[in-house]
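S.K.: Could you look at this predicted model? Sequence included:
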Amino acid sequence: MDKEILEILKRLEIRQNETYQIVKALEHSAEINKAEHDNMTNDISHIKGNVEAIRKDISNVEIITSSNWNDIAKLKSVK
């Protein structure tokens, strides 16, 4: 009977150790996912800033193009 109880306790300890290892692996995986998520958030912020700068540049190009067309129309009318 004592041997059976000892064997059961050993198996329980082994299972507890296995569970602990699984939890540690999941914790590590969660930390990696968090780091990757933070990195993606940072990348998205940079991309957002770049897109906003490009939109501003395109708007400036549209304004300058419009002004140039206006100047071309004036020059054509001088003929």
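M.R.: Great, that's in hand. Residues are numbered from 1 along each chain as shown.
S.K.: Report the distance from the helix or strand containing Leu6 to the chain centre.
M.R.: Assigned by DSSP states H and E, Leu6 belongs to helix 2-78. Its chain's C-alpha centre and that of helix 2-78 lie 0 Å apart, by C-alpha atoms, centre = their mean, to the nearest Å.
S.K.: Can you pull out the low-pLDDT segments for the protein?
M.R.: Scanning the chain for pLDDT under 70 picks out the ranges 79.
S.K.: Glu18 and Lys24, how far apart?
M.R.: 11 Å (C-beta to C-beta, to the nearest Å). In short, each C-beta sits where N, CA and C put it, glycine included.
S.K.: now do Glu62
M.R.: Taking C-beta to C-beta as the measure, Glu62 falls 57 Å from Lys24.
S.K.: and what of Leu75?
M.R.: Remark: distance between Leu75 and Lys24 (C-beta to C-beta) = 76 Å.
S.K.: Then Ala30?
M.R.: 11 Å.
S.K.: likewise Ile54?
M.R.: 45 Å.
S.K.: Give me the neighbour count for Ser67.
M.R.: By the criterion of other C-beta atoms under 10 Å, Ser67 has 10 neighbours.
S.K.: wait, Ala35
M.R.: The burial count for Ala35: 10, using other C-beta under 10 Å.
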